[in-house]
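Visitor: This is the structure alone, sequence omitted:
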């Protein structure tokens, strides 16, 4: 037999014996609990007189049993005229190269501070950092899916003059929506009403309905990303995309490990946005439902809260930045979503007008919010913010140093260039 041609497909390996027209593909490689390695092995051929598909099996390159099974089936199914392959040599070479490539992992690279590194940018500023995983979480029915769809539309169209005052990247980014909750007709209707309401004309959103957890479906998703040159992944939503017990660390770590495996056609890490539901800890603080690793592994996290009166056609939602890795936390954002007359209209509003948001703000933001109404004494700020005296004292010092506020006698007020946002 000839020496096989080896190709790293990113999502697996391909061995090709070209003169013999024999191909063996290795996919879904992963470490087994017993310390071994498991994968899917698929053998095919273009040899005349043979079926193109030779054999497919769960394969362990360290197990004698699976090696013997593969040898037996290939001897039976692959029979070129005048050639008697040395299957022991072929399979051993296949196993050695598979293990070597699997264990090799990513290369070690030098990082020099003088190499002209730039501050990481945004796909959509300030919500979605480029080449990083972002999570937005909140109660059901708070507009997470509509917001995610609009963010994908801004990315696809590179929509600079959008009414949300968000800043897109300087070029278009092709987006893929992975839908774990609804179906194509519902997403299609949402696109239709969004296009009508926002005056966009046409929205073309690449879409894939998903059944299996992301980590189990990773080979197919990576193939879609590669073939369609996807650079932005929207995952709606995180719970079914993980599978398993979300309160355990395993599903969260597998989920983000799978995202880290996905790269764009340029070799850059994929930019992703995951929607998620929330939970409350013992202190009543809202967090992403499940393990703490969902927040720990995300690079940027936003909490969504909705305010909708019963029977109303519209709702107000706020986004509060609860985690930031590469920047300071951004001030809260506010949007109004109107669903009337088969149109979805989303506009930017002052988040301070949304019920319940002020109570979840930090002391700095609470003070700025209060001072937009009138100048106040420290005692009035304590009363109106609900914060302790020491917290107010420290926050006032920070805001004064930042030239946000000024003291006049016993009262504090906003400087002319200071605002809630």
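Guide: In hand now; what should we look at? No experiment lies behind these values; they were computed from the predicted model shown. Residues are numbered from 1 along each chain as shown.
Visitor: Looking at residue 87 now. What's its pLDDT?
Guide: If you check residue 87, the pLDDT there is 89.
Visitor: Mind telling me what element the residue nearest to it when sequence neighbours are not counted is part of?
Guide: Counting by CB to CB, 6 or more residues apart in numbering, residue 87 lies nearest to residue 71, which is 4.6 Å off, once chain neighbours are set aside. Where C-beta positions appear, they are placed from N, C-alpha and C, glycine not excepted. Using DSSP states H and E, residue 71 falls within helix 64-77.
Visitor: Just the buried positions in that helix, please.
Guide: Neighbour-count burial for helix 64-77, counted by 16 or more other CB atoms under 10 Å, picks out 66, 67, 70, 74.
Visitor: Tabulate those residues (a markdown table), appending distance to residue 226 and pLDDT.
Guide: Putting the buried residues of helix 64-77 into a markdown table (distance: CB to CB, whole Å; pLDDT from 0 to 100) gives the following:
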| residue | distance to residue 226 | pLDDT |
| --- | --- | --- |
| 66 | 29 | 92 |
| 67 | 31 | 93 |
| 70 | 28 | 94 |
| 74 | 29 | 91 |
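Visitor: hmm, which two among the residues you listed are most spread apart?
Guide: For the buried residues of helix 64-77, the farthest-apart pair by CB to CB is 66 and 74; their separation is 12.4 Å.
Visitor: Need the nearest residue in space to residue 80, chain neighbours excluded.
Guide: residue 47 (5.6 Å).
Visitor: just checking, the one you found touches residue 19?
Guide: No. If you go by CB atoms under 8 Å, residue 47 and residue 19 don't touch, sitting 10.6 Å apart.
Visitor: okay, the two: which has more neighbours?
Guide: More crowded of residue 47 and residue 19, by other CB atoms under 10 Å: residue 47, with 17 against 9.
Visitor: rewinding a little: next SSE after the helix holding residue 71?
Guide: By DSSP H and E, the next helix or strand past helix 64-77 is helix 87-104.
Visitor: Buried residues of the very next helix or strand once past that following helix, list them for me.
Guide: The helix or strand immediately downstream of helix 87-104 is strand 122-125, counting by DSSP H and E. Neighbour counts over strand 122-125 (16+ other CB under 10 Å) mark 122, 123, 124 as buried.
Visitor: Do I have it right that the first one meets residue 131?
Guide: Read that as residue 122. No. Look at residue 122 against residue 131 with CB under 8 Å: they stay out of range, at 10.2 Å.
Visitor: before we move on, back to that, ok, so what distance separates the residue nearest to residue 87 from residue 57?
Guide: 12 Å (CB to CB, to the nearest Å).
Visitor: any common contacting residues for the two?
Guide: Common neighbours of residue 71 and residue 57 are not found (criterion: CB atoms under 8 Å, 6 or more residues apart in numbering).
Visitor: Low-confidence ranges, the stretch 1-150 of the chain, go.
Guide: Counting by pLDDT under 70, the stretch 1-150 of the chain contains low-confidence residues at 1, 10-11, 33-35, 82.
Visitor: Now do stretch 100-109: distance to the chain's middle.
Guide: Computed by CA atoms, centre = their mean, to the nearest Å, the chain-centroid distance of stretch 100-109 equals 24 Å.
Visitor: Residues in contact with that stretch: which ones?
Guide: For stretch 100-109, contacts defined as CB under 8 Å, 6+ apart pick out 8, 13, 29, 37.
Visitor: just stretch 290-303 next, same as before
Guide: For stretch 290-303, contacts defined as CB under 8 Å, 6+ apart pick out 127-129, 132-138, 238-239, 242, 246-249, 251-253, 255-256, 274, 276, 278-279, 286-288, 319-326, 360.
Visitor: So which of these sit within helices?
Guide: Counted as lying in helices by DSSP state H, out of these, are 238, 239, 242, 249, 251, 252, 253, 255, 256.
Visitor: of these, closest to residue 409?
Guide: The closest of those, once distances to residue 409 are taken by CB to CB, is residue 238, at 51.2 Å.
Visitor: Tally up the residues packed near the closest one, please.
Guide: Around residue 238 there are 25 other residues, counting by other CB under 10 Å.
Visitor: Where does pLDDT dip in the stretch 301-421 of the chain?
Guide: Applying pLDDT under 70 to the stretch 301-421 of the chain picks out residues 307-311, 352-361, 416-421.
Visitor: For it, which segments count as helices?
Guide: 363-371, 378-385, 389-401 (DSSP state H, counting those that start in this stretch).
Visitor: Just name the most buried of these.
Guide: helix 363-371 (a mean of 22; mean count of other CB atoms under 10 Å).
Visitor: Mind giving me the packing neighbours of it?
Guide: helix 378-385, helix 389-401, strand 405-408, strand 411-414 (3 or more CB pairs under 8 Å, 6 or more residues apart in numbering; DSSP states H and E).
Visitor: Compare those and give me the one nearest residue 223.
Guide: helix 389-401 (49.9 Å).
Visitor: How far off centre is that closest one?
Guide: 36 Å.
Visitor: now the angle between helix 363-371 and that helix, please.
Guide: 80 degrees (axes from the mean of the first three to the mean of the last three CA atoms, to 10 degrees).
Visitor: what packs against helix 389-401?
Guide: Counting by 3+ CB pairs under 8 Å, 6+ apart, helix 389-401 packs on helix 363-371, helix 378-385, strand 405-408.
Visitor: Columns distance to residue 344 on top of the ones you listed, output as CSV?
Guide: CSV is the format used below for the helices and strands packed on helix 389-401 (distance: least, CB to CB, whole Å):
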stretch, distance to residue 344
helix 363-371, 29
helix 378-385, 35
strand 405-408, 39
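Visitor: returning to what we had before: can you put the buried residues of helix 64-77 in a markdown table and add distance to residue 85?
Guide: Conversion of the buried residues of helix 64-77 to a markdown table gives the following (distance: CB to CB, whole Å):
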| residue | distance to residue 85 |
| --- | --- |
| 66 | 18 |
| 67 | 14 |
| 70 | 12 |
| 74 | 8 |
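Visitor: quick one: which of those is nearest to residue 401?
Guide: residue 66 (66.6 Å).
Visitor: For that closest one, give its distance to residue 90.
Guide: 14 Å.
Visitor: Ok, residue 391 next?
Guide: Distance of residue 391 to residue 90, computed by CB to CB: 70 Å.
Visitor: Now do the strands in the stretch 251-400 of the chain.
Guide: For the stretch 251-400 of the chain, applying DSSP state E, counting those that start in this stretch gives strands covering 271-280, 286-288, 300-307, 314-324, 333-338, 345-349, 376-377.
Visitor: As JSON lines, these with mean neighbour count would be great.
Guide: Below are the strands of the stretch 251-400 of the chain laid out as JSON lines (neighbours: other CB atoms under 10 Å):
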{"stretch": "strand 271-280", "mean neighbour count": "22"}
{"stretch": "strand 286-288", "mean neighbour count": "21"}
{"stretch": "strand 300-307", "mean neighbour count": "22"}
{"stretch": "strand 314-324", "mean neighbour count": "20"}
{"stretch": "strand 333-338", "mean neighbour count": "20"}
{"stretch": "strand 345-349", "mean neighbour count": "17"}
{"stretch": "strand 376-377", "mean neighbour count": "16"}
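Visitor: Brilliant, that's me finished.
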